[in-house]
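Enquirer: test case, fold it:
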Amino acid sequence: MMATSSGKGLSFVKRIYVPRILGKAMSLLAVTAAIAPLSAPIWLWTLMVFNGLLWPHLAYLWASRSPSPYAAEQRNLLIDSVMAGFWAAAMQFNPLPSLTILSMVTMNNVAAGGRPLVARGALAQLAGAGVGILILGPHLQLHATDLQVYASLPMLTFYPLALGWVSFKLATTLAEHKRRLSDLSRTDSLTGLFNHGYWKDRLHLKFLICQQRKSTAVIALIDIDHFKVINDTYGHVVGDRVLRQLSEELKRSLRDSDLAGRYGGDEFCVIFPRATEEQACLAMERLRERAASYRNAHLPELRISLSIGLCAYRADFSGPEQWLDEADRALYHAKHEGRDRVDVAPPLPFNGLRLAWPE
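Expert: Next up, the predicted model:
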């Protein structure tokens, strides 16, 4: 858990790093233009240069090397808020540069921590302004010169673009992670086919569609004959290779609309929408023949055969469970009759006709 939190924290620190470099550099322009006419002491100029040019790198090192990078970066953001309030007081609350810096820091807090960080950041800004007033005195400068206006423009234009770009990249990254998680939740890691749970969900949906639209569909259950013997004789690495090979053959043999999954162990399953029993038989016969032709150059004696049970949707089915049970009965019949064959439920002879798939 600690490693995971640290990983996420480091990513957060890295996302803040570049915007902070840009923001502090552009803030330095605005603060310099505002403080230049005020005869500021040398220590204030030194602090200004440190905060504008060196602090972003120090903050990055401080947070990235912390045991809890995320918490450390939240602390750094509060320090940014304190300094923004301090610089507002140091600029004698000159409206344009002061509001520019305060609003940009608040924008950071919104993007990085939402409402809680905004609230804490506002308090930090008030504290920073209070410290500035105590050290430099209470002054008010309501007039902004042309130079101060121009010095504030980069902060007003380029920094929101930089922050928006970072937010966009984060949003696209999160969307990609969400897509990957969705894929992982519905696919089998070994074969890349739908997993048992997702395939069963699709079967329930297809059953309802067949009921409501009076459409046709066929399901197939596929079993690798004597798979336990393959595992025991050649090892699980070879067994996994056989499973992947069969999954690849399934992907090549089926239409885009067909739904193939790994039912469990050495069993696979397929839903053929808008297909007849004969058409599904043809597809599964081709699969059976391709599996039988599989050869491993390092294991020339290895042979693969498939037993396959099919069942077409019927209006008298009480539910998808009965539909699946009938396909399982056909699979059992194929095994009982010698394996390496395709059977249907109820048993019907395969007529060998090559029929076109429906569009």
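
Enquirer: make it CA atoms for all contacts and neighbour counts henceforth
Expert: Fine.

Enquirer: does residue 215 belong to a helix, a strand or coil?
Expert: coil (DSSP: H, G, I helix; E, B strand; the rest coil).

Enquirer: so it touches residue 206, yeah?
Expert: No - Residue 215 is beyond contact range of residue 206, at 9.5 Å (criterion: CA atoms under 8 Å).

Enquirer: who has more neighbours, those two?
Expert: Between residue 215 and residue 206, counting by other CA atoms under 10 Å, residue 206 is the more crowded of the two (21 against 17).

Enquirer: check which helix or strand covers that one.
Expert: When elements are assigned from DSSP states H and E, residue 206 belongs to helix 196-213.

Enquirer: specify the next element, helix or strand, located C-terminal of that helix.
Expert: Heading C-terminal from helix 196-213 (DSSP H and E), you reach strand 217-224.

Enquirer: neighbouring strands - and their directions - for that following strand?
Expert: Strand pairing for strand 217-224, using DSSP bridges, gives strand 267-273 (antiparallel), strand 306-312 (antiparallel).

Enquirer: contact partners of the first one?
Expert: Contact partners of strand 267-273, identified using CA atoms under 8 Å, 6 or more residues apart in numbering, comprise 203, 206, 216-224, 257-263, 280.

Enquirer: got the CA positions of that strand in CSV?
Expert: Taking Å, rounded to 0.1, in the frame of the first residue of the first chain, the C-alpha atoms of strand 267-273 are listed here in CSV:
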residue,chain,number,x,y,z
GLU,A,267,-13.4,-24.8,-21.9
PHE,A,268,-14.2,-22.0,-24.3
CYS,A,269,-17.6,-20.6,-25.3
VAL,A,270,-19.0,-18.7,-28.2
ILE,A,271,-22.2,-16.8,-29.0
PHE,A,272,-23.2,-16.7,-32.6
PRO,A,273,-25.8,-13.9,-33.1
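
Enquirer: that older thread, TSV please, covering the strands paired with strand 217-224 and showing distance to residue 100.
Expert: Below are the strands paired with strand 217-224 laid out as TSV (distance: least, CA to CA, whole Å):
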stretch	distance to residue 100
strand 267-273	61
strand 306-312	69
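
Enquirer: closest to residue 144 out of those?
Expert: Of all the strands paired with strand 217-224, strand 267-273 sits nearest to residue 144, with 71.8 Å by CA to CA.

Enquirer: just the strands paired with strand 217-224: most buried one?
Expert: strand 306-312 (a mean of 29; mean count of other CA atoms under 10 Å).

Enquirer: rounded mean pLDDT for that one, please.
Expert: Average pLDDT, strand 306-312: 95.

Enquirer: just how off-centre is it within its chain?
Expert: 36 Å (CA atoms, centre = their mean, to the nearest Å).

Enquirer: swap in stretch 22-31?
Expert: The answer for stretch 22-31 is 35 Å, by CA atoms, centre = their mean.

Enquirer: need the CA coordinates for it. PDB is fine.
Expert: Presented in PDB, the C-alpha positions along stretch 22-31 are these (Å, rounded to 0.1, in the frame of the first residue of the first chain):
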ATOM      1  CA  LEU A  22       6.600  28.400 -15.500                       C
ATOM      2  CA  GLY A  23       4.300  30.100 -12.900                       C
ATOM      3  CA  LYS A  24       7.100  31.200 -10.600                       C
ATOM      4  CA  ALA A  25       9.200  32.600 -13.500                       C
ATOM      5  CA  MET A  26       6.200  34.600 -14.800                       C
ATOM      6  CA  SER A  27       5.300  35.700 -11.300                       C
ATOM      7  CA  LEU A  28       8.800  37.000 -10.900                       C
ATOM      8  CA  LEU A  29       8.200  39.400 -13.800                       C
ATOM      9  CA  ALA A  30       5.000  40.700 -12.300                       C
ATOM     10  CA  VAL A  31       6.500  41.100  -8.800                       C
END
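
Enquirer: which residues touch it?
Expert: With CA under 8 Å, 6+ apart as the test, stretch 22-31 has contacts from 48-49, 51-53, 56, 87, 91, 97, 101, 148, 151-152, 154-155, 159.

Enquirer: tell me, what residue is most central in the protein?
Expert: Centroid check for the chain by CA atoms, centre = their mean gives residue 177 as the closest residue, at 1.0 Å.

Enquirer: what packs against the least confident helix or strand in the chain by mean pLDDT?
Expert: Lowest by mean pLDDT, DSSP states H and E among the helices and strands of the chain is helix 146-186, with a mean of 78. In terms of contacts (3 or more CA pairs under 8 Å, 6 or more residues apart in numbering; DSSP states H and E), helix 146-186 is packed against helix 2-35, helix 95-136.

Enquirer: what are the buried residues along the shortest one?
Expert: Read that as helix 2-35. Across helix 2-35, burial judged by 16 or more other CA atoms under 10 Å covers 6, 9-10, 12-13, 15-35.

Enquirer: can you name the farthest residue from the center of this protein?
Expert: residue 39 (53.7 Å).
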